[in-house]
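Q: Here's my sequence, what's the structure:
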Amino acid sequence: MSEVSASAQQSLDALLSKLGAKKLSDVQAATNKSKDSLGQEDFLKLMTTQLANQDPFAPQDNTQMIAQMAQFSTVTGIQQMNQTMTGVASEISQNRIATAASFVGKTVLVPGNMALADSAGGISGAVDLPVSTGNLTLQISTEQGQLVKTIDLGSNPAGLVGFSWDGKDDSGTAVGNSRYTVKATMMNAGKSQAVGTDVYGPITEASIPTATEDMLFTVAGIGKVNMATIKSIKY
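A: I've put the predicted structure just below:
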């Protein structure tokens, strides 16, 4: 048969379009389209064909057949697991965003020696004792280094020892500063030893981390802190 002319083909395509039928070129393209991957149905067809065409004097070994099926099941399981883990990672990412947002505005206890005064003018925090002591002392000074209060915290076991100060000096007068530094010392084996301190401060900003990044918060008066360093939260 001779080939159909271009004008005749266009007329035929237009008629088929009006009838709601597909063009021959579209049907052929769909039929000839190659598959990028083999599914379970394709695997079973291949295995059936292999059995139908095997040598009757040397049939396919059952062990080999089982191994092939196990390999295919393993690959299929890994693909499904990858899809599942992708979904889990997405859920975790959304949860990390919600968690970060929920911390903004909260007051947290973090390592540091610079404390911001609260609405009443006082500060609070904790001393992190490495060992027990019979004499623990806390000194509170202004940013300029002027000592305004000394607090005797007495004997304490190892661990966190909380403290709070109302913002007033020994005469009961409010100091009125917005920032203070704290310094703790303990007696250990008859010698004075500096001890680490923690202070409370409000979280003003939270980062939105990726799945591999740590969650960071900006604490007023302290700066950037890792979520893992937060020791306590006040609501």
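Q: Could you list the single helix or strand in this protein with the lowest mean pLDDT?
A: Across the helices and strands of the chain, mean confidence by mean pLDDT, DSSP states H and E is lowest for helix 24-32: a mean of 56.
Q: top strand in the protein by residue count?
A: Longest strand in the chain by number of residues (criterion: DSSP state E): strand 191-206.
Q: Describe which strands that strand pairs with in its sheet and in which direction.
A: Strands that pair with strand 191-206, judged by DSSP bridges, come out as strand 107-111 (antiparallel), strand 123-129 (antiparallel), strand 179-188 (antiparallel), strand 216-219 (antiparallel).
Q: can you pull the buried residues of it?
A: The neighbour-count check on strand 191-206 (16 or more other Cβ atoms under 10 Å) flags 195, 197-203, 206 as buried. All C-beta atoms are positioned from the backbone trio N, CA, C, and that covers glycine.
Q: Can you dump the C-alpha atoms of it in CSV for me?
A: The C-alpha atoms that make up strand 191-206 are tabulated as CSV, following Å, rounded to 0.1, in the frame of the first residue of the first chain:
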residue,chain,number,x,y,z
LYS,A,191,41.4,25.2,98.8
SER,A,192,39.1,27.7,97.1
GLN,A,193,38.0,26.5,93.6
ALA,A,194,36.0,28.2,90.9
VAL,A,195,32.8,26.5,89.9
GLY,A,196,30.8,26.7,86.7
THR,A,197,27.5,28.6,86.7
ASP,A,198,24.2,28.4,84.7
VAL,A,199,21.8,31.3,84.3
TYR,A,200,18.2,31.6,83.2
GLY,A,201,17.4,33.6,80.1
PRO,A,202,14.5,34.0,77.6
ILE,A,203,14.8,32.4,74.1
THR,A,204,14.3,35.2,71.5
GLU,A,205,15.0,33.2,68.3
ALA,A,206,15.1,29.6,67.2
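Q: where do the helices sit along the chain?
A: Per DSSP state H, the chain carries helices over the ranges 6-19, 24-32, 40-52, 62-103.
Q: and those, which one's lowest on average pLDDT?
A: When these are ranked by mean pLDDT, helix 24-32 comes last with a mean of 56.
Q: any idea how far D198 is from V161?
A: 10 Å (Cβ to Cβ, to the nearest Å).
Q: Also G145?
A: G145 sits 21 Å away from D198, going by Cβ to Cβ.
Q: hang on, the earlier thing: now tabulate the buried residues of strand 191-206 in a markdown table and tack on pLDDT.
A: Output for these, formatted as a markdown table (pLDDT from 0 to 100):
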| residue | pLDDT |
| --- | --- |
| V195 | 96 |
| T197 | 97 |
| D198 | 96 |
| V199 | 96 |
| Y200 | 95 |
| G201 | 94 |
| P202 | 93 |
| I203 | 93 |
| A206 | 88 |
